[in-house]
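[1] One predicted model, sequence on top.
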Amino acid sequence: MGYEFSLDDVAYLRSDAGSAALSALADLPLTPASRLSDVALAKRVSPTRFAAVLETVLLRRKASAKVPFTDGLFTSDALQQATPHPVAAHRARRFTGPAHDVTCSIGADLAALPEGSVGSDLDPVRLAMARHNVGDAVPLVRADALRPLSRGTAVLADP
């Protein structure tokens, strides 16, 4: 289990200051041998959010082969559970129009769905990360997948 992100962490990571911190620390070695110096530098760059920044840098490295978000936000669990982009894109081609991803999490499947699709999830942190990952044009709503929210549209549920 990785770092437990909060909504405040996500807001910071999406901010100019967070983006600058992520850029400043993107090239850290992040090896067991460099851990102390990496953490010390991260604390200087982002004193109150250094753990969220370091975890994001690590997760972005892991995500690069799995999802199309080069500047994405993820939790460790959400990234592990995310559908690899080639699989999501293949599945999305089966939809002839907009769909509702009722378990959108960080938006990996949602990003591949046709224009006009909507995403929902119960977890507000994952929804905030999905907002960052898929952009502002994609409708997102906090909702329980077991309580239908949309009508007349195809549904994707990939927990």
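    That came in fine, so what should we check first?
[2] The top helix by length along the chain: what's the following helix or strand?
    Ranked by number of residues, the top helix in the chain under DSSP state H is helix 50-63. Of the helices and strands lying after helix 50-63 in sequence (DSSP states H and E), the nearest is helix 76-81.
[3] What lies in contact with the following helix or strand past that following helix?
    Reading on from helix 76-81 to the C-terminus, the next helix or strand found by DSSP H and E is helix 85-92. If you take C-beta atoms under 8 Å, 6 or more residues apart in numbering as the criterion, helix 85-92 is touched by 66, 67, 68, 83, 108, 109, 111, 112, 113, 114, 156. C-beta coordinates here come from the backbone N, C-alpha and C atoms, glycine included.
[4] and if you look at stretch 59-67?
    2, 22, 26, 30, 69-72, 74-76, 79, 82, 84-85, 106, 108, 111, 133.
[5] which of those are buried?
    22, 69, 72, 74-76, 79, 82, 85, 106, 108, 111, 133 (16 or more other C-beta atoms under 10 Å).
[6] got JSON lines for the residues you listed, with distance to residue 149 too?
    Below are the buried ones among the contacts of stretch 59-67 laid out as JSON lines (distance: C-beta to C-beta, whole Å):
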{"residue": "22", "distance to residue 149": "33"}
{"residue": "69", "distance to residue 149": "24"}
{"residue": "72", "distance to residue 149": "25"}
{"residue": "74", "distance to residue 149": "24"}
{"residue": "75", "distance to residue 149": "23"}
{"residue": "76", "distance to residue 149": "28"}
{"residue": "79", "distance to residue 149": "25"}
{"residue": "82", "distance to residue 149": "22"}
{"residue": "85", "distance to residue 149": "25"}
{"residue": "106", "distance to residue 149": "19"}
{"residue": "108", "distance to residue 149": "20"}
{"residue": "111", "distance to residue 149": "19"}
{"residue": "133", "distance to residue 149": "20"}
